[in-house]
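*Asks:* got a sequence here, can you model it:
(one chain, ligands or ions: 1)
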Amino acid sequence: MTAFATFGDPARFEIAVRWIDDTEPRERRPRNGGWSAGEVRLTIRHQVITRYNRNDTFTDAIAWYLLPLFEWFADNWVALLHEERFAWAENSAAPAAIAASMALRRTIDAEDTAGQETYAAVQGWWSRHALRAADSSALYPDMMIRRLSDDIEISWTARQPSFPPDGYRLALAPGAATLGVKDVAEPLWEALAWVGVNAPTANAEDRASVAALEQKLARLRDVPLSALESGYLATGLAERVASVRTMCGLPDTSTRMQSVPAITKFDDAVLMFGGVRPDLGSADIEALAWFLSSCKGGSEQMALSILVDPGVGAPLTAPFDEGYDLAEALLEQLGLPGDATAIDIRRILSDLGVTVEEIRLQTTTIRGVALAGVDYRPSILLNMTSRYNALPVGQRFTLAHELFHILYDRGRARRLAHVSGAWACPGVEKRANAFAAMLLMPRDLVRRSLPETLITPDAVARAANIMQVSISALVEHLYNIGNIDECERDELREQFRAVKV
Ligand SMILES: [Zn+2]
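*Replies:* Numbers count the residues shown, from 1 in each chain. Here you go, the predicted structure:
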């Protein structure tokens, strides 16, 4: 047995590994990596994810053959650290460990071809990101690693392995953390390098398996920046984005770690196109790249800077509550609503120096785009072909939604290049929607325009008209702030269904 080699910081992410003596005769060990009996311990924010209880004894490290785990890290390196987007339409704001498990359960029994294709896509995504995909014979926790903008999201459930030995139970509580790319990539890479140097191989076949792992690492070490960016962008989009970037004279500003093949900060165009549908037309790609290029070189006003809060972080817990809370805090800071009858969102944006432009993209799946941060003139682009923006009330909602991104979604690199719509990260979008609802319909305004005793369809329609919001947005908001119950909401929904607002 060797001492643990530890990589990383347990306050963020640490992987600890060591080799152990194997009492199994060689012929009963797995063919692949039968030499690699060892222990692995994973710690995230001081929580030991690999901790388990066996017959009332707690152990922190899982003992098994470690080669398949390291091979999996190497084989899926680019996706693990650069792929954010799910391979299926995801509506929930849940972190990957939950979203992917739910998607597998939803699609596993699909009988039609489309359903089976979706299942295969979910399964493929799972195999690139779920630790359990590394080795089905190991008793690893149900943990997933994926990219989230310029962070790494690690999430885990408390789900036990399918066939645990008697008295075995993983001790972890479900959770999620977002960490810096460097905090995760560096320790993993060092642990992979450690295998090659320290492997207790016994014969030529063992040594060949280590050499194969080292070859994978050597290939990764030389992987071009564009291949790492491709991990973030949908298939086929990376080349098209690279070519419009050249056309618009935008340099590739992705930042790669020096000794580890991982991008710590994505180029703004890459970040922006990470939120579009994979088959976005060339005209739209060009239009968005030109918009990005036109906002470069600007700066933001102090009135905006003082409201920006980079500490809000990823929406891992309660996106809805966070959106509401942040809107109420902003209203207070701005002294709104005062005695106004409606929130003048265009005025707020103009006072903060945020410019608003309109465009008619071919795609209707993009609702708006927001750009802000170092070296940018803060700007919002409204896509007028999106059904959300067909009416002024919808445009107001989109503007408030984009303001959320500008103030609170700048991320680690302190800048924002975000496309809103059906292909954006659902948690991020839900939080911005909740914010928009509360910003445009503060409790004071709701009280004034709709006294609680008078919640009839006519009164709701009148109040929506006064606040300049859509009736459907108001109905949902009334339910969310507790002014109506589920039954009343469903009745109002029914009443207004024919009116189509
Ligand atoms: Zn958005």
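
*Asks:* next to the ion in this structure, residues from this protein, please.
*Replies:* 420, 429, 432 (CB under 5 Å from the ion). Just so you know, the C-beta spots here come from the backbone N, C-alpha and C atoms, and that holds for glycine as well.

*Asks:* the second one: how many residues sit nearby?
*Replies:* Read that as Glu429. Close neighbours of Glu429, defined as other CB atoms under 10 Å, add up to 24.

*Asks:* over to the last one?
*Replies:* Here the neighbour count serves as a burial measure; for Ala432 (other CB under 10 Å) it reads 30.

*Asks:* put the alpha carbons of the helix or strand containing it into CSV.
*Replies:* Using DSSP states H and E, Ala432 falls within helix 426-440. What follows is helix 426-440, C-alpha atoms only, in CSV (Å, rounded to 0.1, in the frame of the first residue of the first chain):
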residue,chain,number,x,y,z
PRO,A,426,-32.8,26.7,-18.5
GLY,A,427,-31.7,27.6,-14.9
VAL,A,428,-30.2,30.9,-16.1
GLU,A,429,-33.3,31.7,-18.1
LYS,A,430,-35.8,30.8,-15.4
ARG,A,431,-34.0,33.1,-12.9
ALA,A,432,-34.0,36.0,-15.4
ASN,A,433,-37.7,35.4,-16.1
ALA,A,434,-38.6,35.5,-12.4
PHE,A,435,-36.6,38.7,-12.1
ALA,A,436,-38.4,40.3,-15.1
ALA,A,437,-41.8,39.4,-13.6
MET,A,438,-41.1,41.0,-10.2
LEU,A,439,-39.3,44.0,-11.8
LEU,A,440,-42.3,44.8,-14.0
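
*Asks:* the following helix or strand past it packs against which elements?
*Replies:* Going down the chain from helix 426-440, the next helix or strand is helix 443-449, by DSSP H and E. Using 3 or more CB pairs under 8 Å, 6 or more residues apart in numbering; DSSP states H and E as the contact test, the elements touching helix 443-449 are helix 457-467.

*Asks:* list the buried residues of the helix it packs on.
*Replies:* 460-461, 463-464, 467 (16 or more other CB atoms under 10 Å).

*Asks:* any idea of the angle it forms with helix 426-440?
*Replies:* 90 degrees (axes from the mean of the first three to the mean of the last three CA atoms, to 10 degrees).

*Asks:* got the angle between the following helix or strand past helix 457-467 and helix 457-467?
*Replies:* Downstream of helix 457-467, the next assigned helix or strand under DSSP H and E is helix 471-480. For helix 471-480 against helix 457-467, the angle by the same axes, to 10 degrees is 100 degrees.

*Asks:* just the closest residue of the stretch 201-350 of the chain to the ion, please.
*Replies:* Gly275 (7.9 Å; CB to the ion).

*Asks:* can you tell me which residues contact that residue?
*Replies:* 418-421, 423-425 (CB atoms under 8 Å, 6 or more residues apart in numbering).

*Asks:* so the residue in the chain positioned nearest to the ion: helix, strand or coil?
*Replies:* Here the chain gets closest to the ion at one residue, Ser420, 2.9 Å apart by CB to the ion. Following DSSP: H, G, I helix; E, B strand; the rest coil, the label given to Ser420 is strand.

*Asks:* beta partners of it?
*Replies:* As for beta bridges, Ser420 partners with Gly368 under DSSP bridges.

*Asks:* dump the residue contacts of Leu233.
*Replies:* 241, 270, 273-274.

*Asks:* closest to Met102 among those residues?
*Replies:* Ranked by distance to Met102 (CB to CB), these are led by Gly274 at 22.3 Å.

*Asks:* and the closest residue to the closest one other than its chain neighbours, what's its pLDDT?
*Replies:* Nearest residue to Gly274, sequence neighbours excluded (CB to CB, 6 or more residues apart in numbering): Tyr232, at 5.1 Å. Note on Tyr232: pLDDT of 96.

*Asks:* hmm, back to that, so can I have JSON lines of the contacts of Gly275 showing pLDDT and neighbour count?
*Replies:* Output for the contacts of Gly275, formatted as JSON lines (pLDDT from 0 to 100; neighbours: other CB atoms under 10 Å):
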{"residue": "His418", "pLDDT": "95", "neighbour count": "26"}
{"residue": "Val419", "pLDDT": "95", "neighbour count": "24"}
{"residue": "Ser420", "pLDDT": "95", "neighbour count": "26"}
{"residue": "Gly421", "pLDDT": "92", "neighbour count": "20"}
{"residue": "Trp423", "pLDDT": "86", "neighbour count": "21"}
{"residue": "Ala424", "pLDDT": "88", "neighbour count": "20"}
{"residue": "Cys425", "pLDDT": "87", "neighbour count": "21"}
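
*Asks:* just the closest of those to Ser36, please.
*Replies:* With CB to CB as the yardstick, the closest approach to Ser36 among the contacts of Gly275 comes from Cys425, at 36.8 Å.
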